[in-house]
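*Asks:* show me how the following folds:
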Amino acid sequence: MDLARVRNIGVVAHIDAGKTTVTERILFYTGVEHRIGEVHDGTATMDWMAEERERGITITAAATTCKWRDHFLQIIDTPGHVDFTVEVERSLRVLDSAVVVLDAVAGVQAQTETVLRQANRHQVPLLLLVNKMDRLGANAERAVDSVRQRLGLQPVLVQLPVGAEHGFEGVIDLIEMEVLRWHGENGETVSRGEIPAEYQQQAEAARDSMCSQIAECRDDLTDTYLESGTLSSQQIHSGLRDAVRRRTLVPVMFGAALRNIGVQPLMDGVIDWMPSPLERGEVLAHNLDGDEILCPPDPKAKLSALVFKIFHEKYGDLHYLRIYSGTLKERQRLVVARTGRIERVGQILRMHAEHREQLAQAGPGEIVAVAGLKFAQTGDSLCVKGEEVLLEAMVFPAAVMKLTVEAREPSQSDRMVEALALLDREDPTLHLSHDEDTGQVLLSGMGELHLEVVLHRLAAEFGVEALTGKPQVSYREALLNECEGTGLVEMPADDGTHRVEVAVRMRPIDSTTVRVSPTAAWQLLPTAMREELEQKGFQNEAGPLGFPLVGVEVQVEAVISQPEGETPAAQAVAGALSRAMASALRGNTELREPVMTVVVNVPESHMSGVLADLNARGGEVLGIDLELSEVRALAPLAEMFAYSTKLRSLTQGKGEFVLEPAGFAVPSEARLQGILQSLGLC
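*Replies:* I've put the predicted structure just below:
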C-alpha cells in the first residue's frame, strides 16, 4: 500500500448530527456498498450490532476501508453519545485526521466540544461538514460562528451553501468558483455550473476572505496575495494542506447527507488536504529503559503497533491495531512490551464493519484486526522480542455510575461473572468488582445507557439474564494536606518474629489517580510488588470513607525489616504499606462527587420551570442562549437520575438534554451530610 495515498480518518460528532449517514454515503459512492444503508430503518452498514440497529445509534466504533481517486480511505465511524466517548478517544489516538459533522440547526453541541478536546489532545487535523442544511431552522452562518466561539477554532469557508432548509439545492465551490448540484436517484452525479447572479458578489467576497486566511499561514503565499490580490487554485490547495496539517485552519464544507448532497466534495477534501501517514511522520516512543526513540512509517523498520480496541467474539477476541512502523505478518511471534508476555498472531484482518478480508501481512499506517492474541490489553504496544518499544499510553475517563448485578438464575452466577469479565476486558470504561462485605457483584460504567447496553449484550450474546440494584454514584476521596504515616506488621518466623515497618509521605496532586513517586526506599520493596504498583498504581486503594482515592502522590520514605538483612516477605510489606497509608489518610481526606455538564434544549416558554428544577437539584447555571433555546449547567450526577422523565413533564415532551462528565467536585455542606447519611456513614 502506497502510504502517500492513504488517509486514516475518523467521522466524529454529537449524537444525531449525521455521522453514520455521511459514512454510509461514502461507502456507496466509493462502490463498497451497492445500496445506501439508513440509520432510521436499521440497515446502516456501520451500525452492525443488534443493539445499534435496535436503538438507531452508534455504540461501538466501526472500521472500514474504501477507495476514492486511487487513494485508500481507512475510516472509523464513532459514536456520538457521551456514554460511549471512550470509542472516540481510542479511535482519535490512532487516526491521522477527523471529519467533524455539525448539525446546521444546532451548531456546536455538548459532545462536539468533548470530541474537539479529544482531537486536541491527540493533535488531529480537522475538516468540518455542516450537515442537515435542508432542515427547518438551518443557519450556516450561526453554525460557523459557534465553531469560532465555542471551539476556539479558525474555520475557513471553502464552500457556500446555495439556499437553506427546503430550498437547499447545492454549494458554491469557492476554490474553482463554480456551483455544484447533485442529480440521480442517490446523488451519484455532480454537475458544475456558473454561479447564479444573486450569489456572485457574496461568493467573490467569501473567496477573497478564504485567500486572505490561507495567505496569512505561509510567507510565500502572503507575498503572492499582497502582489496580486488573489491566489490560484493550486496555491489554495497547497496552502490549505499546510495549514490543516499544522492545525492552523479548519476547512468548512456544507451538505445534506440524507438527501445525498455534499459527500463527494468532502471525500475530495480529505484527499486534497488531510495528511497521509507519511506526512504525520515519525511517532515518539520509549524503550524499556525510558529513552526516547522514534518509530518511522517504514515497512523495514522495527515493528511497533498499538492495540487500541478489543472486541469479544464467540471464538475469541479481535484486537484492533494501528501499525506505526515495520511489517506485521501472519503467525508472527510478538511480545507485549508492558508485560513481556509472548503472543502469536493468528489471522490479520482488514475490517469492513463486521465483515473482514484476510491479509498475509500489513505495514505502517494500516489499521487492522488480529485474531489469536491472548494477553494484550487496550493501550498495549506490540513489537518483536528484543526490540521492545512503548508507544504513548492511552488514558480513559473514570466510571461515574455503578449497579449491583446478580444472575436471575443462581446456577448462572459463575457464567455471568465470566461474561462480564470478557466485556470488561473489551471496554476500558467498564469496571467489574466485588463488594467484600456483601459479596455482591458491582458493575461500574459511564452512565445509564452504557450499563443498559452492557446488560442487554449480556443477555443477547451470553444468554444470561441479570437483575440489577438501584444505580449508585461512584464517589471519590481526595487528600486535603501533605501527611505522613507508618505501618507495622509482625509475622511469625522460624527464628522468632519477623517485623516489617513502612513509612510513607503523601501529598495532593492534580490528577485523577494515585501516583507512585520513586525513592531510594522504594527500591527496597519486593521486585514483583514494585512492578505491579508501577503498572497499576494504587487503583483499588480506598480512603477512610471507603471510596477510591484520587489526586495523591505516594512516597515510600523507609522500609525497615527486623531481623536486619533478612528479605521481607511481600505479604508483610504489603500489609505494612497499607497500614502506613491508612494512618496517614485518617481524618485527612474529603469526599468528591461526580458532576455533569447538563445541556438542555427547551422552548423559551418552559425555560423558567427548567431553571427552577435545575436549581432544586443543586445545579449551577453556566449560561443561557436564547437564540438556541439552550441552558448549560453543572449538576451533581446523583440528582440527575431519571431526569428525562422530569424534563418531559416540565416541557410537555418538547425538551431534550445531554449529560457529559465534568469531573469530581466537593459537595456543599448540606449535600455532604445528605450523602453521608444515605451511605450510612454518619
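*Asks:* so where's the chain uncertain?
*Replies:* 37-59, 80-82, 436-438, 494-495, 531-540, 564-569, 682 (pLDDT under 70).
*Asks:* which helix in it runs the most residues?
*Replies:* helix 197-215 (DSSP state H).
*Asks:* packing partners of the helix or strand that that helix is followed by?
*Replies:* Using DSSP states H and E, the helix or strand that follows helix 197-215 in sequence is helix 219-228. The helices and strands touching helix 219-228, judged by 3 or more C-beta pairs under 8 Å, 6 or more residues apart in numbering; DSSP states H and E, are helix 197-215, helix 233-245. No exception for glycine: its C-beta is placed from N, CA and C like everyone else's.
*Asks:* and the helix or strand where T645 lies, how far out from the chain middle?
*Replies:* Assigned by DSSP H and E, T645 falls within helix 643-651. Offset of helix 643-651 from its chain centre (C-alpha atoms, centre = their mean, to the nearest Å): 29 Å.
*Asks:* ok, the helix or strand just after it: who's next to it in the sheet?
*Replies:* Downstream of helix 643-651, the next assigned helix or strand under DSSP H and E is strand 656-665. Using DSSP bridges, strand 656-665 pairs in its sheet with strand 589-601 (antiparallel).
*Asks:* buried ones in the following helix or strand past the partner strand, by neighbour count?
*Replies:* Sequence-wise, the next helix or strand downstream of strand 589-601 (DSSP H and E) is helix 607-616. Residues of helix 607-616 classed as buried by neighbour count (16 or more other C-beta atoms under 10 Å): 607, 610-611, 613-614.
*Asks:* ditto for stretch 100-118
*Replies:* 100-116, 118.
*Asks:* same deal with stretch 350-360?
*Replies:* 350-353, 356.
*Asks:* which of these fall within strands?
*Replies:* 350-352, 356 (DSSP state E).
*Asks:* adding distance to G281, write those out as TSV.
*Replies:* What follows is those, written out as TSV (distance: C-beta to C-beta, whole Å):
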residue	distance to G281
R350	24
M351	25
H352	28
R356	30
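*Asks:* of these, just say which sits nearest to I509.
*Replies:* M351 (39.9 Å; C-beta to C-beta).
*Asks:* find the nearest non-adjacent residue to that closest one, please.
*Replies:* The shortest distance from M351 to any non-neighbouring residue, by C-beta to C-beta, 6 or more residues apart in numbering, is to A63 (4.6 Å).
*Asks:* neighbours of that neighbour, just the number please.
*Replies:* By other C-beta atoms under 10 Å, the residues close to A63 number 22.
*Asks:* any idea how far it lies from G653?
*Replies:* In this view, A63 and G653 are 37 Å apart by C-beta to C-beta, to the nearest Å.
*Asks:* repeat for P196
*Replies:* 41 Å.
*Asks:* greatest separation within the buried residues of stretch 350-360: which pair is it?
*Replies:* R350 and A353 (11.6 Å).
*Asks:* other SSEs contacting the helix holding T645?
*Replies:* Against helix 643-651 (3+ C-beta pairs under 8 Å, 6+ apart) you get helix 607-616, strand 656-665.
*Asks:* now the ones you listed as CSV including distance to K300?
*Replies:* Formatted as CSV, the helices and strands packed on helix 643-651 follow (distance: least, C-beta to C-beta, whole Å):
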stretch, distance to K300
helix 607-616, 59
strand 656-665, 43
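*Asks:* how about the ones you listed, which one is nearest G379?
*Replies:* Closest among the helices and strands packed on helix 643-651, once you apply C-beta to C-beta, is strand 656-665, at 19.8 Å.
*Asks:* how far does the closest one sit from the chain's center?
*Replies:* With C-alpha atoms, centre = their mean, you get 15 Å for strand 656-665.
*Asks:* same thing with stretch 371-384?
*Replies:* 20 Å.
*Asks:* how long is that stretch from one end to the other?
*Replies:* 17 Å (C-alpha to C-alpha, to the nearest Å).
*Asks:* could you do stretch 522-529 as well?
*Replies:* OK, stretch 522-529 end separation, C-alpha to C-alpha: 10 Å.
*Asks:* and what of stretch 127-142?
*Replies:* Stretch 127-142: ends 18 Å apart by C-alpha to C-alpha.
*Asks:* how distant is it from the center of its chain?
*Replies:* 25 Å.
*Asks:* I'd say H319 and L373 touch.
*Replies:* Yes - applying C-beta atoms under 8 Å, one finds H319 in contact with L373, separated by 4.7 Å.
*Asks:* between these two, what contacts are shared?
*Replies:* V307 (C-beta atoms under 8 Å, 6 or more residues apart in numbering).
*Asks:* and those two? Which one has more around it.
*Replies:* Neighbours were counted for H319 and for L373 using other C-beta under 10 Å; H319 has more, 26 against 23.
*Asks:* which is the next helix or strand following the host helix or strand of the more buried one?
*Replies:* Assessed by DSSP H and E, H319 sits inside strand 316-325. Tracing the chain past strand 316-325, the next element assigned as helix or strand by DSSP H and E is strand 328-329.
*Asks:* which helix or which strand is home to V405?
*Replies:* Secondary structure (DSSP H and E) places V405 in strand 401-407.
*Asks:* which secondary structure elements does that strand sit against?
*Replies:* helix 413-426, strand 441-445, helix 448-462, strand 466-468, strand 472-473.
*Asks:* buried stuff in the fourth one?
*Replies:* Of all the residues in strand 466-468, those buried under the rule 16+ other C-beta under 10 Å are A466.
*Asks:* ok, and what's touching it?
*Replies:* 403-408, 416, 443, 451, 455, 458-459.
*Asks:* repeat for the first one
*Replies:* Contact partners of helix 413-426, identified using C-beta under 8 Å, 6+ apart, comprise 310-312, 317, 377, 405-407, 430-432, 441, 443, 454, 457-458, 461-462, 464, 466.
*Asks:* okay, the angle between it and strand 441-445?
*Replies:* 20 degrees (axes from the mean of the first three to the mean of the last three C-alpha atoms, to 10 degrees).
*Asks:* could you point out the helix or strand that follows helix 413-426?
*Replies:* Counting by DSSP H and E, what follows helix 413-426 is strand 431-434.
*Asks:* work out the gap between that next one and the centre of the chain.
*Replies:* Counting by C-alpha atoms, centre = their mean, strand 431-434 comes out at 22 Å from the chain centroid.
*Asks:* from the contact counts, what lies against that strand?
*Replies:* helix 413-426, strand 441-445.
*Asks:* show me what counts as buried in the last one.
*Replies:* Right, strand 441-445. Quick answer for strand 441-445 (16+ other C-beta under 10 Å): 441-445.
*Asks:* of those, which is the nearest to V86?
*Replies:* Closest to V86, out of all of the buried residues of strand 441-445 and judged by C-beta to C-beta, is G445, at 10.0 Å.
*Asks:* ok, back up a step: drop anything exposed from the contacts of helix 413-426.
*Replies:* Here, 16+ other C-beta under 10 Å leaves 310-312, 317, 405-407, 430-432, 441, 443, 454, 457-458, 461-462, 464, 466 buried among these.
*Asks:* before we move on, back to that, just to be sure, which of the buried residues of stretch 100-118 are found in helices?
*Replies:* Those of the buried residues of stretch 100-118 lying in helices (DSSP H): 110-116, 118.
*Asks:* how about the strands in the stretch 501-650 of the chain?
*Replies:* Counting by DSSP state E, counting those that start in this stretch, the segments of the stretch 501-650 of the chain that form strands are 514-517, 549-550, 552-562, 589-601, 620-625, 630-636.
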